[in-house]
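Colleague: model the following, please.
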Amino acid sequence: VYLHGAHVTSWIPAGTDDDRLFLSATSRWGEGEAIRGGVPVCFPQFADQGALAPHGLVRTAAWTLARAQRLSTGAAQATLRISATPAMRALWPHAFTLALTVTVGANTLALELAATNDGGAPFQFTGALHTYLRVADVRQTFVRGLEGVHYRDKVLRRDDEVEAAPRLAVDRHLDRVYRAAPAVVAVEEPERTTEVRATGFRDTVVWNPGPERGATMDDLEPGGYARMLCVEAA
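Modeller: Numbers count the residues shown, from 1 in each chain. Here you go, the predicted model:
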């Protein structure tokens, strides 16, 4: 977990040797740069759904470590925190504090994002935990659990589609926001299944750039699109 963006970049479940999060070998590192992979924290804006830069203000900012501990269950836990700076408030005029709590134990990675309004007036925001899962081959990967859910297709620019597939194939550029999605969806590969559970986030985003768009992204390693799939609480 990096203080830069409170960014989780690696998760290896106990008893395995495989990192289950994708991190691009050509990711840019440094002040003001977004890490390509892991779990970017998007706040107070998701993607381009607002006037701010894509994904908001905090994924490239410096957070602080508020607490690190071992729980009675044996799990390891760390909480990172950030409050709105004057530069952030010049772009988005609200006082806030975010806390990201990361808990790792056995075969589970749990992330909890808490937003506190430090000002005197209410504000609205969007956000996401933009999880990049590492997969063996996205062309042999399916997402189960979204059948019948309404979604916005950002590739085809259609706003109210309904998912018809019991198992969504990731065989092209996909960028979809599934509204009021189920709390649990499954990412199915030939050799394993990963459950993605969300509480408090109403939507689920499924994204993969596909081969053509992936080849234009200079911070995504060659062929990297085939080794990643974003399934995001949003």
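
Colleague: what helix or strand is the nearest residue to Arg144 once chain neighbours are set aside on?
Modeller: With Cβ to Cβ, 6 or more residues apart in numbering as the criterion, Arg144 has its nearest non-adjacent residue at 4.5 Å, and that residue is Ala186. Yep, even glycine has a C-beta here, placed from its N, CA and C like the rest. Counting by DSSP states H and E, the element that carries Ala186 is strand 184-188.

Colleague: show me what contacts the closest residue to Tyr2 other than its chain neighbours?
Modeller: Excluding its sequence neighbours, the residue lying closest to Tyr2 (Cβ to Cβ, 6+ apart) is Thr9, at 6.4 Å. By Cβ atoms under 8 Å, 6 or more residues apart in numbering, the residues touching Thr9 are Val1, Tyr2, Leu21, Leu23, Ile35, Gly37, Gly38, Val39.

Colleague: quick one: neighbours of the third one, just the number.
Modeller: By the criterion of other Cβ atoms under 10 Å, Leu21 has 18 neighbours.

Colleague: ok, the fifth one next?
Modeller: Neighbours of Ile35 under the rule other Cβ under 10 Å: 23.

Colleague: can I take it that Arg28 is in a strand?
Modeller: No: read with DSSP: H, G, I helix; E, B strand; the rest coil, Arg28 is coil and lies in no strand.

Colleague: from Ala34, how far out is it?
Modeller: According to Cβ to Cβ, to the nearest Å, Arg28 and Ala34 sit 7 Å apart.

Colleague: what of Met217?
Modeller: 12 Å.

Colleague: pick out whichever of the two has more residues nearby.
Modeller: Per other Cβ under 10 Å, whichever of Met217 and Ala34 has more neighbours is Ala34, with 19 against 14.

Colleague: and the more buried one, which of the three is it?
Modeller: Under three-state DSSP, Ala34 comes out as coil.

Colleague: is it true that it touches Ala53?
Modeller: No: if you go by Cβ atoms under 8 Å, Ala34 and Ala53 don't touch, sitting 9.6 Å apart.

Colleague: give me the beta-bridge partners of the nearest residue to Thr131 once chain neighbours are set aside?
Modeller: The shortest distance from Thr131 to any non-neighbouring residue, by Cβ to Cβ, 6+ apart, is to Val39 (5.0 Å). In this entry, Val39 is beta-bridged to Val8, by DSSP bridges.

Colleague: burial count for Val39?
Modeller: Val39, neighbours per other Cβ under 10 Å, totals 28.
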